[in-house]
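> Okay, here's the prediction I keep looking at, along with the sequence it came from:
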Amino acid sequence: MLKKLFKSNAPKPAKEAKPAGKSSKAPAQKKAPVQKKTPAQNKKAHVNAAEDRAHSGPKGKSAGSQVTKGSDVKHSAGTASKKEETPWNLSDFNVAPMEGKTRFHDLQLPDSVMRGIHESGFEYCSPIQAESLPAALTGRDMIGQAQTGTGKTAAFLLTIFNRLLTVKPEERFASEPRALIIAPTRELALQIGKDADALGKYTGLNTLTVVGGMNYDSQRKMLRDHVVDILVATPGRLIDFMRSQDVFLDQVEVLVLDEADRMLDMGFIPDVKRIVRGTPPKDHRQTLLYSATFNFDVRILIDQWTTNPMKVEIEPEQVTTDRVDQKLYLCAESDKYSMLERVLEEEKPERLIIFANRRDLTRNLCDKLNKNGHVAVLLSGEVAQDKRIRTLERFRNGRVNILVATDVAGRGIHVDGVSHVINYTLPEDPEDYVHRIGRTGRAGAKGVSVSFVSEDDAFVLPDLEKYLGTKLELSQL
């Protein structure tokens, strides 16, 4: 049955631009948006499909080669695909069938995608991938809901790769991405771009990540002078480039909205609505939405933005009870730091993230830890973006083992091997608690969550217990 579905999505000699079930534009119609660009852009940008598959940039130069070392623009161009010397065959990726498991082999993905999956160490689909990918790969709109750390990012990236590799346009222009991924925070957008680099390493597809807080002119140059297949962006920076006509979204074939509920909470929905209006009508594009939660307001937007979507909801397994040991300690507000020192002494965490609700609290806490002989780094909205990237890399590489963060900054933290999470203050939103403790216990590993509960924190406990569906046991340290 799957073979029949994938046959319908195979490239055809006709000039098809959309998968089965979606209307497509004739090639003549594609030329109309080009007239909006400046002559300089058109002179530099025009390449044919063959050049694009070889990831050539303007004037036949390699798009990947344009990125200088130390550039603060995140860009990839499948750099290994043309310089690869080691032969690889799908038979090198041997995964035995297993009852109740879906192999990536079963999805008939292109070999270049399978190689990236192989090198990334994945063998079987996670539940959200197994449920959503078979339909998404045929071009159907998708709403996927699953708890954090379950593979939502890979689900929409694989869908994009399959689409862009099996349906090839005759001509391409700079400033016109074929796939657009919108994420609410800079850290999350950068992490998605990094995942795209790893999984799409051998596809030859160009990925560009544009976020605020980084060099505007460098990002603008990459958009104007290079053919970009996949654009990952935060709403504010993308709106800036839309206003200056440095990016055109009328050729977007796949639109992804990640963490849509968080974008609503952060007040981004007016910007997101404007972005969506810049893309083709919903019946001329594929729309994918993946998030840990979908509230009522987001569901209304889903009805406006999608066409007959398939809804996949993976029930949380009592919110990581099996994987995360949750400890909650009663204390006075003034005793929290001494309790933190005691936890550090007794637990000896290998890699720790400490969450607090306010920027000033995280800053003071980080300073105090460093003054007391620990090596801690800060990740919050008041830290410059380039420094935030370096900070996260130091933590990821193990050069420091304590990271102090706010919720907004912490949403995009995907670091393997986080052994402990400490809630210095409990979040007011129960969803944030789930996202916090989801930084540990990832990919089947065990983790520990420690929360300090003062009189002020106790007010959020009833809503938190209701959201988790379980009674939280409080004790004294």
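Cool, got the structure. The structure displayed is predicted, hence computed values, not measured ones.
> Compute the distance between residue 384 and residue 155, please.
32 Å (C-beta to C-beta, to the nearest Å). Using the backbone N, CA and C atoms, a C-beta is placed for each residue, glycine as well.
> more crowded one of the two?
Taking neighbours as other C-beta atoms under 10 Å, residue 384 and residue 155 compare with residue 155 leading, 25 against 11.
> Please name the residues that touch the more buried one.
128, 129, 132, 133, 136, 144, 290 (C-beta atoms under 8 Å, 6 or more residues apart in numbering).
> middle-most residue in this structure, spatially?
In the chain, the C-alpha nearest the mean C-alpha coordinate belongs to residue 192, at 3.4 Å (C-alpha atoms, centre = their mean).
> didn't that one look like it was pressed against residue 232?
Yes - the criterion here is C-beta atoms under 8 Å, and residue 192 meets it with residue 232 at 5.1 Å.
> what sits in contact with each of these two?
Going by C-beta under 8 Å, 6+ apart, residues that sit against residue 192 and also against residue 232 are 181, 183, 209.
> Which stretches in the stretch 51-200 of the chain count as strands?
74-76, 142-145, 171-172, 179-182 (DSSP state E, counting those that start in this stretch).
> Give me the distance between the residue nearest to the centre of the chain and residue 210.
12 Å.
> likewise residue 267?
In terms of C-beta to C-beta, residue 267 sits 20 Å off from residue 210.
> With residue 342 instead?
44 Å.
> again with residue 167
Residue 167 is 24 Å from residue 210, by C-beta to C-beta.
> With residue 448 instead?
37 Å.
> what about those two, which has more around it?
For residue 448 versus residue 210, the count of surrounding residues by other C-beta under 10 Å is larger for residue 210: 28 against 20.
> Ramachandran coordinates for that one?
In terms of degrees, to the nearest 10, the main-chain angles of residue 210 are phi -120, psi 130.
> so it bridges to which residues?
residue 233 (DSSP bridges).
> quick one, domains of this protein?
2-313, 324-475 (automatic domain parsing).
> which SSE is residue 246 in?
Of the helices and strands defined by DSSP states H and E, none includes residue 246.
> Counting neighbours, what do you get for it?
For residue 246, using other C-beta under 10 Å, the count is 21.
> Next: the one 4 residues further on.
Using other C-beta under 10 Å, residue 250 has 16 other residues around it.
> With residue 302 instead?
Residue 302, neighbours per other C-beta under 10 Å, totals 18.
> measure it to residue 291 for me?
Note on residue 302: its distance to residue 291, by C-beta to C-beta, is 10 Å.
> end-to-end on stretch 163-176?
Length of stretch 163-176, first residue to last, C-alpha to C-alpha, to the nearest Å: 16 Å.
> before we move on, what about stretch 92-110?
First-to-last residue span, stretch 92-110, C-alpha to C-alpha: 15 Å.
> what's the answer for stretch 241-251, then?
End-to-end span of stretch 241-251 (C-alpha to C-alpha): 16 Å.
> what mean pLDDT does it have?
Averaging pLDDT along stretch 241-251 gives 96.
> got the buried residues for it?
By 16 or more other C-beta atoms under 10 Å, the buried positions in stretch 241-251 come out as 241, 242, 246, 247, 248, 249, 250, 251.
> With distance to residue 453 and secondary structure as new columns, can those residues be given to me in a markdown table?
Converted to a markdown table, the buried residues of stretch 241-251 look like this (distance: C-beta to C-beta, whole Å; DSSP: H, G, I helix; E, B strand; the rest coil):
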| residue | distance to residue 453 | secondary structure |
| --- | --- | --- |
| 241 | 44 | helix |
| 242 | 45 | helix |
| 246 | 49 | coil |
| 247 | 47 | coil |
| 248 | 51 | coil |
| 249 | 46 | coil |
| 250 | 52 | coil |
| 251 | 52 | coil |
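> Looking at these, which is nearest residue 202?
Nearest to residue 202 out of these is residue 251 (C-beta to C-beta; 24.2 Å).
> show me what contacts the residue lying closest to the closest one once chain neighbours are set aside?
The shortest distance from residue 251 to any non-neighbouring residue, by C-beta to C-beta, 6 or more residues apart in numbering, is to residue 176 (4.4 Å). Contact analysis of residue 176 by C-beta under 8 Å, 6+ apart lists 33, 228, 247, 248, 250, 251.
> for those residues, which one is nearest residue 467?
Using C-beta to C-beta, residue 247 is the member of the contacts of residue 176 that sits closest to residue 467, with 38.3 Å.
> I figured the closest one hits residue 238, correct?
Yes - between residue 247 and residue 238 there is a contact at 7.1 Å, judged by C-beta under 8 Å.
> Can you pull the residues that touch both of those two?
By C-beta under 8 Å, 6+ apart, the residues touching both residue 247 and residue 238 are residue 231.
> what stretches of this structure score poorly on pLDDT?
1-85, 147-149, 292, 315-322, 408-413, 442-444 (pLDDT under 70).
> so how far is residue 142 from residue 192?
Applying C-beta to C-beta, the value for residue 192 to residue 142 is 16 Å.
> cool, residue 203 as well?
Residue 203 is 21 Å from residue 142, where distance means C-beta to C-beta.
> quick one, which of those two is more surrounded?
residue 203 (29 against 25).
> The more buried one falls within a helix, correct?
No - in this structure, residue 203 is coil, not part of a helix, as judged by DSSP: H, G, I helix; E, B strand; the rest coil.
> Can you get me a residue count around the closest residue to it other than its chain neighbours?
The shortest distance from residue 203 to any non-neighbouring residue, by C-beta to C-beta, 6+ apart, is to residue 112 (4.6 Å). By other C-beta under 10 Å, the residues close to residue 112 number 18.
> got the contact list for residue 112?
81, 165, 202, 203, 204.
> now do 10 Å
Neighbouring residues of residue 112 by C-beta atoms under 10 Å, 6 or more residues apart in numbering: 78, 81, 88, 161, 165, 200, 201, 202, 203, 204, 205.
> and if you look at residue 309?
Applying C-beta under 10 Å, 6+ apart to residue 309 gives the contacts 135-136, 140-144, 282, 286-289, 302-303.
> From residue 192, how far off is it?
As for residue 309, its distance to residue 192 is 21 Å (criterion: C-beta to C-beta).
> Residue 123 now?
According to C-beta to C-beta, residue 123 and residue 192 sit 22 Å apart.
> again, but for residue 399
Distance of residue 399 to residue 192, given as C-beta to C-beta: 24 Å.
> ok, now residue 394?
When residue 394 is compared with residue 192 (using C-beta to C-beta), they lie 21 Å apart.
> and if you look at residue 240?
Using C-beta to C-beta, residue 240 is found at 19 Å from residue 192.
> before we move on, what about residue 379?
Counting by C-beta to C-beta - residue 379 and residue 192 are separated by 17 Å.
> And for residue 252?
Where residue 192 is concerned, residue 252 sits at a distance of 16 Å (C-beta to C-beta).
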